[in-house]
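Student: Have a look at this fold, sequence not included:
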């Protein structure tokens, strides 16, 4: 079959059907082992799946020490009954209902200070994920405040995801070694790190496992015509939707399968999609009828509540996520700037232009690409972040594997992989013993250049789609080198770090919030934070206090979410006027509590317990630039605790290195009639000056 595919005497129609049938013959009709091969195909698949499960677990096992972070505190507080925030009512099946769209509840959350004063009261962030919720219920019922076994369960789901991915690639690849290549890149892809290392993101792993089961069962159903596989595919799809709404992304591959893979008549292919469509419609109708979805937020876009915002969001996020998948560039760096976006689009189009000959000749590559692109649509309705790519990455890794298979054969792939592993171990050992420092980067760059050079000159290059000469050939070589470096070298070496980043971020937030008072001083008093780090500051602070069963302030008032220049005027004993040139909200396009659909108006007032906020000036998009805060009591009275945030220098006691981290310091307000900047108030704070002095002091010498 594979010799037939390489024949140039065939017309395009014969080669097309031969390219489709190749994986079917190799997987389904060759169950007996070849002479000299001691293991059957099924045994090889099982062993390969086990190997990739172990690889995935080994690369991410360090994430079990991540602890709790961000949304994990919401779940902890929920399963403890929201201590200090008892007005919140959630059942165990609602750990993803952060805001249910209830105006009265949202007003209470805003008044208490869990939501900032600029949040819209009809906001909704509520998602139906009962199977994922069940796993969290088990965790918090059994383990309470012990995060280690919860992270271990995440590692288990990731290992299962890697094993199922190998089974799928083994089913659909034209040669076993291509399946190994694709599965290795998928299991070692750094974009999975955030999903593995964050307890609350477990649903993305569970959804991917269900999607992989759907694709394996669907392929076997269409090739063997056995109804048992159809039933397994439909059940897996339903279970996937019960894990998370992201499971609907698998329909992109099902559509691509019907479009590209020729195992049936056109009528039969698209008729096979009808059950999935029916399940999707029922799910979406129930999802809408029971009030799940999002509204009023720039973080999510729901076509049911704001269709045009959804169109804009997916139009922006699909290229960002696709570029992140293909070239492993952080999505957070691609969200800002028109020029960055244009360059990203150009590079994506150039990559597809280079791969065009392969896409024309390889039906499997077209299937992977079409499926991956459509799978990006549903997950692009949330702010671009790597953790949502668990399903779309299936197709991208399959596409990259098909592309690389044209440049080297199975033996060369094995040698390449062993060389990469060996060099990685060698460099890490040398760095640990000799402290190479920046010299390690030079050594890695030289070794990579040698490795890629050998691959270019000694590769098999047997595929007919590879250009024989000219600029396009050199472009193909460059793209091959980029894929090898990123997905075979960088990815496996950064996945471990990426899986631990969320834990490091959580510990930084814990340290920042610990700088705010938690003793008896806060009881029945209002904690006023002049500047917080971002939209989430008040939310995560209050929920972390609830989850840790700590004393809560009477109210929390975060006046702005930015560490930026701001003037503070005090016209009388009970009023502050804040002014800035760049809004009180740090990132308007990603504000989780207010979308552009709800602009604020000059003269608008928000009445909260003990304070009235009046918007004095807005920018062209309705974001506040000036606001007056009129308090019921004198600002210097005992009712208020005044703090402000800053990126303060802190010296690491172990390394002696000074870094800037989020901290909060008590401040004295301007006198009546005085205007000062936020930095002026910080400079007057003795605690802030003490932090500066501690950072500037030389590190203590170890004995």
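Tutor: Yes, it's here. Owing to the predicted nature of the structure, the values given are computational and were not obtained by experimental measurement.
Student: Confirm residue 665 sits in a strand?
Tutor: Yes. According to DSSP: H, G, I helix; E, B strand; the rest coil, residue 665 belongs to a strand.
Student: I'd assumed residue 684 was in contact with it.
Tutor: No. Using C-beta atoms under 8 Å, residue 665 makes no contact with residue 684, being 10.0 Å away. Backbone N, C-alpha and C define where each C-beta goes, glycine included.
Student: The two: which has the busier surroundings?
Tutor: residue 665 (21 against 14; other C-beta atoms under 10 Å).
Student: who's in contact with the more buried one?
Tutor: Applying C-beta atoms under 8 Å, 6 or more residues apart in numbering, one finds that residue 665 lies in contact with 515, 643, 644, 645, 646, 648, 682, 685, 687, 688, 691.
Student: Just to check, the third one is in contact with residue 681?
Tutor: Yes. With contact taken as C-beta under 8 Å, residue 644 and residue 681 are classed as touching, separated by 6.3 Å.
Student: what residues are shared contacts of the two?
Tutor: By C-beta under 8 Å, 6+ apart, the residues touching both residue 644 and residue 681 are 530, 667.
Student: What is the burial count for residue 551?
Tutor: 13.
Student: related to what we said a few turns ago, mind checking which of the contacts of residue 665 land in strands?
Tutor: 643, 644, 645, 646, 648 (DSSP state E).
Student: For the last one, list each beta-bridge partner.
Tutor: Per DSSP bridges, the residues bridged to residue 648 are residue 661.
Student: Confirm for me that residue 110 is in contact with residue 120.
Tutor: No. Applying C-beta under 8 Å as the test, residue 110 and residue 120 come out as separate, 9.2 Å apart.
Student: returning to what we had before: closest to residue 423 among the contacts of residue 665?
Tutor: residue 648 (40.6 Å; C-beta to C-beta).
Student: OK, contacts around the closest one?
Tutor: Per C-beta under 8 Å, 6+ apart, neighbours of residue 648: 660, 661, 662, 663, 665, 688, 691, 692, 695.
Student: In a markdown table: those residues, plus distance to residue 186.
Tutor: Formatted as a markdown table, the contacts of residue 648 follow (distance: C-beta to C-beta, whole Å):
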| residue | distance to residue 186 |
| --- | --- |
| 660 | 37 |
| 661 | 35 |
| 662 | 35 |
| 663 | 40 |
| 665 | 46 |
| 688 | 48 |
| 691 | 45 |
| 692 | 47 |
| 695 | 43 |
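Student: Now which of those would you call buried?
Tutor: 662, 663, 665, 688, 691 (16 or more other C-beta atoms under 10 Å).
Student: now, the most widely separated pair of those residues?
Tutor: Top of the distance list for those (C-beta to C-beta): 662 and 688, 13.2 Å.
Student: Then residue 581 would be within a helix, right?
Tutor: No. Assessed with three-state DSSP, residue 581 is coil; it does not lie in a helix.
Student: and it, what does it touch?
Tutor: By C-beta under 8 Å, 6+ apart, the neighbours of residue 581 are 565, 625.
Student: Over to residue 605: give its phi and psi.
Tutor: phi -120, psi 150 (degrees, to the nearest 10).
Student: With residue 295 instead?
Tutor: phi -160, psi 150.
Student: Just confirm it contacts residue 303, I think it does.
Tutor: No. Applying C-beta under 8 Å, one finds residue 295 not in contact with residue 303, separated by 11.2 Å.
Student: So which of those two has more stuff around it?
Tutor: residue 295 (21 against 14).
Student: Next one: that one from residue 380, what distance?
Tutor: According to C-beta to C-beta, to the nearest Å, residue 295 stands 18 Å off from residue 380.
Student: Can you report how many residues lie near residue 171?
Tutor: For residue 171, using other C-beta under 10 Å, the count is 19.
Student: Please identify which helix or strand holds it.
Tutor: helix 148-172 (DSSP states H and E).
Student: starting at the chain centroid, how far to the next helix-or-strand element following that helix?
Tutor: Using DSSP H and E, the next helix or strand after helix 148-172 towards the C-terminus is helix 176-187. Offset of helix 176-187 from its chain centre (C-alpha atoms, centre = their mean, to the nearest Å): 22 Å.
Student: What are the neighbouring residues in contact with residue 475?
Tutor: 350, 354.
Student: Just the buried residues of the helix or strand where it lies, please?
Tutor: Under the criterion of DSSP H and E, residue 475 resides in helix 471-483. If you call a residue buried by 16+ other C-beta under 10 Å, then helix 471-483 has these buried ones: 475, 476, 477, 479, 480, 481, 482, 483.
Student: any idea what sits nearest residue 132, other than its immediate chain neighbours?
Tutor: With C-beta to C-beta, 6 or more residues apart in numbering as the criterion, residue 132 has its nearest non-adjacent residue at 3.7 Å, and that residue is residue 203.
Student: Listing request: residues of the stretch 451-600 of the chain with sub-threshold pLDDT.
Tutor: Residues of the stretch 451-600 of the chain that meet the criterion pLDDT under 70 lie in 456-462.
Student: same thing with the chain?
Tutor: Scanning the chain for pLDDT under 70 picks out 1-39, 436, 438-441, 456-462, 699-703.
Student: Which residues are in contact with each of residue 662 and residue 688?
Tutor: 646, 648.
Student: and residue 505, what does it touch?
Tutor: Counted by C-beta under 8 Å, 6+ apart, residue 505 has contacts 69, 70.
Student: roughly how far apart are it and residue 695?
Tutor: Residue 505 is 21 Å from residue 695, by C-beta to C-beta.
Student: again with residue 111
Tutor: Here residue 111 is placed at a distance of 38 Å from residue 695 (C-beta to C-beta).
Student: same thing with residue 624?
Tutor: Counting by C-beta to C-beta, the gap from residue 624 to residue 695 is 33 Å.
Student: cool, and residue 446?
Tutor: Counting by C-beta to C-beta, the gap from residue 446 to residue 695 is 37 Å.
Student: what's the answer for residue 299, then?
Tutor: From residue 299 to residue 695 the distance is 34 Å (C-beta to C-beta).
Student: Same check on residue 619?
Tutor: Applying C-beta to C-beta to residue 619 and residue 695 gives a distance of 35 Å.
Student: Kindly report the same for residue 137.
Tutor: Distance from residue 137 to residue 695, by C-beta to C-beta: 44 Å.
Student: Right, I'll call it a day here.
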